[in-house]
Every structure is written in C-alpha cells, then in structure tokens.
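A.B. asks: Turn this into a model:
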Amino acid sequence: MIDLRSDTVTRPSKEMLEAMIKSPVGDDVYGDDPTVNALEERVASMFGKEAGLFTPTGSLSNQLGIRLLVKPGEELILDQTAHIARAELGAAAAFSGITTRTFPSVHGKLNAKVALELAHPDAGPYLVSTKAIAVEDTHNFGGGTVQSIDEIKNLYHGAQEMQLPLHLDGARIWNAHVASGTSLPEYAKYFETMSVCFSKGLGAPIGSMLLSTKAKIAEARIWRKRYGAGMRQIGLLAGAVNFALDHNINRLKIDHERAGIIATSCNLAKPDTNIVALDLSDYPFDAAQYVSILNENGILAGALGKNFVRLVTHMNLTDDDIQQVCQILKRTLVA
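C.D. replies: Model (predicted):
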C-alpha cells in the first residue's frame with residue numbers, strides 16, 4: 001500500500017535509529033538529559049527564541065502555548081479550520097477553560113484585517129475578552145497553505161496595538177520555510193509562543209517543541225508535568241530529532257515537488273507544500289467512498305470532511321510510488 005494519509009506515517013531510517021542509540025540520556029524530569037537539553041537550546045537558537053520545551057505531541061505543545069497566553073474564561077481567536085479548533089478534541093476548553101471564536105478563511109489563508117476585526121481585548125463585564133490570536137503555518141486543512149509573511153506582520157502590528165500576543169501552530173513551519181525562503185527567525189519573531197513539530201515532514205518518530213521566553217518555558221515545564229507528560233530518558237527521542245534537523249529539512253522540497261506532480265495529474269493547481277486537497281463536491285461519491293476506492297487500488301488516504309480527501313507526500317515515498325498514484329487518480333477521478 002502507498003500511504004498518503006499523512007507525513008506522520010514515516011518510519012525512522014537505519015541511520016536515525018543509530019543516532020538514537022548513540023545519544024547520551026538522563027532523567028529529563030530532573031533536567032538531567034544532556035541530549036534533550038542541548039536540543040532545546042539548539043531549536044530555540046534556530047528560531048531566535050530564548051528557550052524551548054520538548055513535548056511528545058504537537059497538540060500538547062499548542063495547548064501549553066495558548067495556556068500561557070489565555071486564562072480560564074478568556075478568549076482565543078483563530079481560523080475556523082485551524083488544527084487547534086478542529087483537531088485537538090476541544091482541549092483548550094477541557095484543560096484550560098479557554099473559550100474560542102473563529103474567523104473564516106479561504107484555503108486557510110490568513111487575512112489579518114478579518115482576524116483583528118473579530119478581536120475584543122476589553123469586552124467589559126458581560127462579554128468574553130480576547131487575550132490572544134493563533135495562526136497556523138502551513139495550514140493543514142487549507143491544503144498545506146503557506147501564510148504570507150506580510151499578513152503575519154499586519155496581524156502582529158494590529159495585535160500589538162490591542163496588546164494581544166500571538167501563538168503560532170508551526171507544526172509544518174519547516175515546509176513553509178523551505179517553500180517560501182522566509183527564515184525561521186523571521187517567522188518566529190512575531191509570535192510570543194510557538195509550536196514546531198519534528199514527526200511530520202522531518203521524519204522523527206516522536207516530538208514537538210514549544211518555544212518562547214525563558215520565563216514562559218519554565219511555567220510550561222510545570223504544566224507539562226501536571227498534564228502527565230514529564231518524561232525520563234528522552235535523549236533517545238532527541239537524538240532522532242537532531243538527525244532529522246541535520247539531514248531532512250532541505251529535502252522537504254522533494255515532497256513539495258511530488259505533491260505538485262500529483263496535483264497536476266488531477267488537473268489541480270500545484271499546492272504550496274506537501275498536501276494535495278481533493279474537493280469532491282462535484283463528484284458522484286463523497287470523501288469516505290473515494291477513500292475506499294483508493295484503498296481498493298492500493299492507496300491509503302484520509303477523508304477529512306464530507307467532500308475533502310487529503311493526500312500528503314513524505315520521505316518514505318518513491319518516484320515510482322508517485323507515478324502509480326498519478327495513474328490511479330487519473331483512472332478513478334479525472335476520467
């Protein structure tokens with residue numbers, strides 16, 4: 001089977017496994033794991049942030065980040081199809097008592113004016129006050145959309161006037177960086193907290209990181225433990241991430257090119273990055289039915305809505321896989 005469900009399905013290479021085995025370890029709850037300590041410093045430096053905190057998942061990293069900015073009973077605003085809003089199982093409300101309101105977008109593209117018009121930082125005694133705004137880059141449900149750095153700047157300056165901090169869900173910020181050429185520090189400097197993921201396009205088996213100031217990361221470390229995610233000898237996982245950072249960032253352009261080949265075979269515009277979004281609104285089958293058709297033809301794909309099928313390229317695919325996918329799509333979709 002050719003697995004296009006997500007870029008999270010990759011398996012560590014032999015070389016990555018060797019790097020994991022060779023990584024020195026200690027007890028991270030006590031702050032004694034040298035490999036993860038060095039990794040947190042390394043990633044923070046890559047983005048120009050003061051400090052980082054390793055987490056097992058991007059959802060946890062996001063939830064820690066927004067919790068640092070928004071108190072129980074206060075409001076976070078974000079895109080209506082953002083991962084935090086749609087795919088984290090209501091964690092902001094369940095764990096932190098955070099209420100959310102959402103603004104519309106087209107393919108997940110940020111419109112700073114629309115977001116800022118929704119924000120009410122001092123809503124008085126009857127309405128909920130906005131305390132932060134979240135942005136997702138690249139945008140998963142938008143089809144891997146890369147956010148315009150100009151729109152991020154516009155949002156930042158408008159939010160500054162309202163004294164509102166920004167959080168970045170940068171699960172695929174590496175893809176945005178490679179596709180746009182915008183530097184990692186340039187993205188990061190507009191956000192008070194940000195989450196980055198290592199287990200998607202970079203191919204590590206586990207791991208994300210929250211980045212912020214030293215003071216906020218110290219607070220997040222307490223909440224990570226409180227949420228049950230204090231970990232022990234995680235240098236093994238940090239070793240995998242170090243290998244991914246050394247070898248797998250620049251190769252993301254291959255995933256982007258392959259997604260473009262798949263999209264072209266379906267007569268679609270090339271996506272910004274590695275996600276091909278199939279809109280089946282005008283077809284005689286819905287997303288679940290088409291996923292079944294693909295399964296019968298040797299392809300695993302994800303139905304992420306009634307008429308939305310997502311195909312995601314990643315490092316475990318080959319050129320032959322891509323050509324086979326194109327042939328199957330032409331036969332089952334285009335024809």
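A.B. asks: With just CA atoms, put the helix or strand encompassing residue 292 into CSV.
C.D. replies: Assigned by DSSP states H and E, residue 292 belongs to helix 287-296. Taking C-alpha atoms only, helix 287-296 is exported to CSV below (Å, rounded to 0.1, in the frame of the first residue of the first chain):
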residue,chain,number,x,y,z
ALA,A,287,-14.8,11.5,0.6
ALA,A,288,-15.3,8.3,2.6
GLN,A,289,-16.4,6.5,-0.6
TYR,A,290,-13.5,7.7,-2.6
VAL,A,291,-11.0,6.7,0.1
SER,A,292,-12.5,3.2,-0.1
ILE,A,293,-11.9,3.3,-3.9
LEU,A,294,-8.3,4.4,-3.4
ASN,A,295,-7.8,1.6,-0.8
GLU,A,296,-9.0,-1.0,-3.3
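A.B. asks: and whichever strand or helix holds residue 38, which residues are buried?
C.D. replies: Per DSSP H and E: residue 38 is located in helix 34-47. Under the neighbour-count criterion of 16 or more other Cβ atoms under 10 Å, helix 34-47 has 35-37, 39-40, 43-44, 46-47 buried. Using the backbone N, CA and C atoms, a C-beta is placed for each residue, glycine as well.
A.B. asks: buried sites along the helix holding residue 292?
C.D. replies: Neighbour counts over helix 287-296 (16+ other Cβ under 10 Å) mark 287, 290-291, 294 as buried.
A.B. asks: That one - contacts with which helices or strands?
C.D. replies: With contacts defined as 3 or more Cβ pairs under 8 Å, 6 or more residues apart in numbering; DSSP states H and E, the packing partners of helix 287-296 are strand 302-303, strand 308-312.
A.B. asks: who touches the helix or strand just after the last one?
C.D. replies: Reading on from strand 308-312 to the C-terminus, the next helix or strand found by DSSP H and E is helix 319-329. Surrounding helix 319-329, the residues in contact under the criterion Cβ atoms under 8 Å, 6 or more residues apart in numbering are 2, 4, 258, 261-262, 265-266, 294, 297-299, 311, 313.
A.B. asks: what distance separates helix 319-329 from the centre of its chain?
C.D. replies: 26 Å (Cα atoms, centre = their mean, to the nearest Å).
A.B. asks: quick one: secondary structure of the residue at the greatest distance from the centre of the chain?
C.D. replies: For the chain, the largest distance from the centre (Cα atoms, centre = their mean) belongs to residue 125, which lies 35.1 Å off. Using DSSP: H, G, I helix; E, B strand; the rest coil as the criterion, the local structure at residue 125 reads coil.
A.B. asks: list the contacts for the residue nearest the centre of the chain?
C.D. replies: The chain has residue 171 as the residue nearest its centroid, 2.0 Å off, counting by Cα atoms, centre = their mean. By Cβ under 8 Å, 6+ apart, the residues touching residue 171 are 58, 83, 136, 140, 195-197, 200, 208.
A.B. asks: go again using 7 Å as the cut-off
C.D. replies: By Cβ atoms under 7 Å, 6 or more residues apart in numbering, the residues touching residue 171 are 58, 83, 195, 197, 200.
A.B. asks: is it true that residue 57 touches residue 208?
C.D. replies: Yes - taking contacts as Cβ atoms under 7 Å, residue 57 lies within contact range of residue 208: 6.0 Å.
A.B. asks: So which other helices or strands are in contact with the longest strand along the chain?
C.D. replies: For the chain, the strand with the greatest residue count under DSSP state E is strand 130-136. Contacts defined by 3 or more Cβ pairs under 7 Å, 6 or more residues apart in numbering; DSSP states H and E place strand 130-136 against helix 58-69, strand 75-79, helix 149-161, strand 166-170.
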